[in-house]
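A.B. asks: any chance you could fold what I've pasted below:
(one chain, ligands or ions: 1)
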Amino acid sequence: MSWLARSSRTLYRSAAVLRTRQGALSSTAPAPGRIVMTMTQQQQQHRYSSGPKATSPSAGKREHTAAEDGSNARTDDSITVEYPAADKLPASKTVAGAGRTGVHVFPTLASFSLQEKVGVVTGGARGLGLVMGQGMVISGADLAIVDLNKDEAARQAKSIVRMFKKEHPDAKKLPKVTTHFADVSDPESVEACIAEIIAEHGKIDNLVTSAGFTENFEAIAYPIDRMRKLWGVNVDGTYLFATAVARHLMDRKSKGSMVFIGSMSGAIVNVPQPQAPYNAAKAAVRHLCASLSVEWAKAGIRVNCISPGYMLTALTQKILDDNPDLKQQWTSLIPQGRMGSPEDLMGPVTFLLSDASSYVTGADLRVDGGYTVT
Ligand SMILES: NC(=O)c1ccc[n+]([C@@H]2O[C@H](COP(=O)([O-])OP(=O)(O)OC[C@H]3O[C@@H](n4cnc5c(N)ncnc54)[C@H](O)[C@@H]3O)[C@@H](O)[C@H]2O)c1
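C.D. replies: Residues are numbered from 1 along each chain as shown. Below is the predicted model:
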């Protein structure tokens, strides 16, 4: 039996529900927001009996690798992962930001500094957005954290400033970190939020659009309302914030830099979890970045994309705790042999927002441990 088949067995044994091919849920259907791995009995039978027959004379049976039966490069329709409700999302921890504890590297290239800049990060209350926001603060910026969950954002803002004080006890100026509610997919909410940020900070120079989410359903059973919501947050949300900040920069006749958080899923198809709408949404984010970078170059506004690979956030950690075999499958496809940590994005985002990248626009920076070049 291949390692993949073995891990698949374990994976499916832990399945909480069985779902019919027609999409009807059994009586053990999960509450919305619960993460489940499902597989029909018919699918299990097919999976465990598929593949060429054994031929090895010595063993009587020859084991076939996952590569031989092609299962490495296929999606598995039975994997269903629904994005949890906001109150079920685990909180993220504030990371030690200044690098090696107690070690301050000086001097370094001044062009990497975000001093005197005001940055906005959407989806900044947790996960990657939170850590990238912290990276901006450590690099000298003031920060506006935007999220649906303003309470969590407020807790994290305090924690970021506390950590900054601890790491820079002699700092003459503390960063200003504010928090703002917005549903990034709603134009009115976005406009109100931008006005609030400008009222509090006086201006905006940098934007990072990290609000977004993924979930897994086979395409033929993807609930249309969930798909629209997914595109609304990932694509509309990026577009609405980017255009609102661009209008502000153009009014001020000021240059600025934006980073859209895409995903390697915008360039490749992840396996085994099916997620066609998410992949398409992230491809849209990447090309939106390219298109806007050309349209706004004459205004001095740079637009770049960061496409992370598999990153270990509090949320992905929870999914993997529930499904340890999935981690093995993912990691086996990453040349660096590990998932990324959110801190791996601190440097790339600072680089792209700062003058260190002043001749870089329209780029897609893959931060994926080499996943997409294999
Ligand atoms: N974690 C990964 O492995 C990974 C890999 C590639 C790309 N990404 C992308 O990175 C971004 C951040 O992912 P994450 O793992 O940090 O997710 P996360 O769920 O930990 O954090 C997302 C944040 O966005 C907020 N949010 C969601 N919908 C919103 C809305 N409509 N308006 C405002 N805020 C909203 C949430 O409240 C949450 O705080 C997403 O765009 C995701 O697609 C993540």
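A.B. asks: what residues does the stretch 101-250 of the chain put near the ligand?
C.D. replies: 122-123, 125-129, 147-149, 182-185, 210-214, 233, 237 (CB under 6 Å from any ligand atom). All C-beta atoms are positioned from the backbone trio N, CA, C, and that covers glycine.
A.B. asks: in helices only, show me these.
C.D. replies: Per DSSP state H, helices hold the following members of those: 127, 128, 129, 237.
A.B. asks: list the contacts of the nearest residue to the first one once chain neighbours are set aside.
C.D. replies: Sequence neighbours aside, residue 313 is the residue nearest to residue 127 in space, at 4.2 Å (criterion: CB to CB, 6 or more residues apart in numbering). In this structure, residue 313 makes contact with 92, 126, 127, 128, 342, judged by CB atoms under 8 Å, 6 or more residues apart in numbering.
A.B. asks: who wins for neighbours among the residues you listed?
C.D. replies: Within the contacts of residue 313, most neighbours by other CB atoms under 10 Å means residue 128, with 29 neighbours.
A.B. asks: confidence-wise, which of the ones in helices among the residues of the stretch 101-250 of the chain next to the ligand comes last?
C.D. replies: For these, the weakest pLDDT value sits at residue 127, with 95.
A.B. asks: and which of the contacts of residue 313 is nearest to the ligand?
C.D. replies: The ligand lies nearest to residue 127 out of the contacts of residue 313, by CB to the nearest ligand atom, at 2.1 Å.
A.B. asks: surely that closest one and residue 341 touch.
C.D. replies: No: under the criterion of CB atoms under 8 Å, residue 127 is not in contact with residue 341, lying 11.5 Å apart.
A.B. asks: max-length strand in this protein?
C.D. replies: Counting residues, the longest strand found in the chain (DSSP state E) is strand 301-308.
A.B. asks: how far is that one from where the chain is centred?
C.D. replies: 13 Å (CA atoms, centre = their mean, to the nearest Å).
A.B. asks: show me what that strand is packed up against.
C.D. replies: helix 237-252, strand 256-261, helix 276-296, helix 346-353, strand 364-367 (3 or more CB pairs under 8 Å, 6 or more residues apart in numbering; DSSP states H and E).
A.B. asks: identify the residues contacting the helix or strand following it?
C.D. replies: With elements assigned by DSSP states H and E, the helix or strand that comes after strand 301-308 is helix 314-322. Contacts to helix 314-322, defined as CB under 8 Å, 6+ apart, come from residues 14, 35, 81, 84, 89-93, 126-127, 310, 312, 326-327, 339.
A.B. asks: which among the residues you listed gets closest to the ligand?
C.D. replies: Closest to the ligand, out of all of the contacts of helix 314-322 and judged by CB to the nearest ligand atom, is residue 127, at 2.1 Å.
A.B. asks: number of nearby residues for the residue nearest to residue 77 when sequence neighbours are not counted?
C.D. replies: Leaving aside its chain neighbours, residue 77 sits nearest to residue 218 (3.7 Å; criterion: CB to CB, 6+ apart). By other CB under 10 Å, the residues close to residue 218 number 20.
A.B. asks: check contacts around residue 235.
C.D. replies: 281, 284, 285, 288 are the contacts of residue 235 under CB under 8 Å, 6+ apart.
A.B. asks: scratch that, residue 189 is what I was asking about
C.D. replies: 181, 182, 183.
A.B. asks: which one of these has the most neighbours?
C.D. replies: Counting neighbours by other CB under 10 Å, residue 182 leads those with 26 neighbours.
A.B. asks: farthest pair within the contacts of helix 314-322?
C.D. replies: 14 and 93 (27.0 Å; CB to CB).
A.B. asks: one step back: dump the contacts of residue 313 to a markdown table, plus distance to residue 206.
C.D. replies: Output for the contacts of residue 313, formatted as a markdown table (distance: CB to CB, whole Å):
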| residue | distance to residue 206 |
| --- | --- |
| 92 | 21 |
| 126 | 20 |
| 127 | 19 |
| 128 | 16 |
| 342 | 18 |
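A.B. asks: what mean pLDDT does the one helix or strand residue 180 maps to get?
C.D. replies: In this assignment (DSSP H and E), residue 180 forms part of strand 177-181. For strand 177-181, mean pLDDT is 98.
A.B. asks: not counting that strand itself, show me its contacts.
C.D. replies: Counting by CB under 8 Å, 6+ apart, 125, 133, 137, 142-148, 150, 153-154, 156-157, 160-161, 189, 193, 196-197, 200-201 sit against strand 177-181.
A.B. asks: now, which of these lie within strands?
C.D. replies: Per DSSP E, the subset of the contacts of strand 177-181 in strands is 142, 143, 144, 145, 146, 147.
A.B. asks: CA atoms of stretch 309-320 as CSV?
C.D. replies: Output of stretch 309-320 as CSV, limited to C-alpha atoms (Å, rounded to 0.1, in the frame of the first residue of the first chain):
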residue,chain,number,x,y,z
GLY,A,309,2.5,28.8,0.1
TYR,A,310,1.3,26.7,3.0
MET,A,311,1.7,28.9,6.1
LEU,A,312,1.3,27.7,9.7
THR,A,313,-1.2,30.1,11.2
ALA,A,314,-3.3,29.4,14.3
LEU,A,315,-6.1,28.4,11.9
THR,A,316,-4.1,26.1,9.6
GLN,A,317,-2.5,24.6,12.8
LYS,A,318,-6.0,23.7,14.0
ILE,A,319,-6.9,22.1,10.7
LEU,A,320,-3.7,20.1,10.7
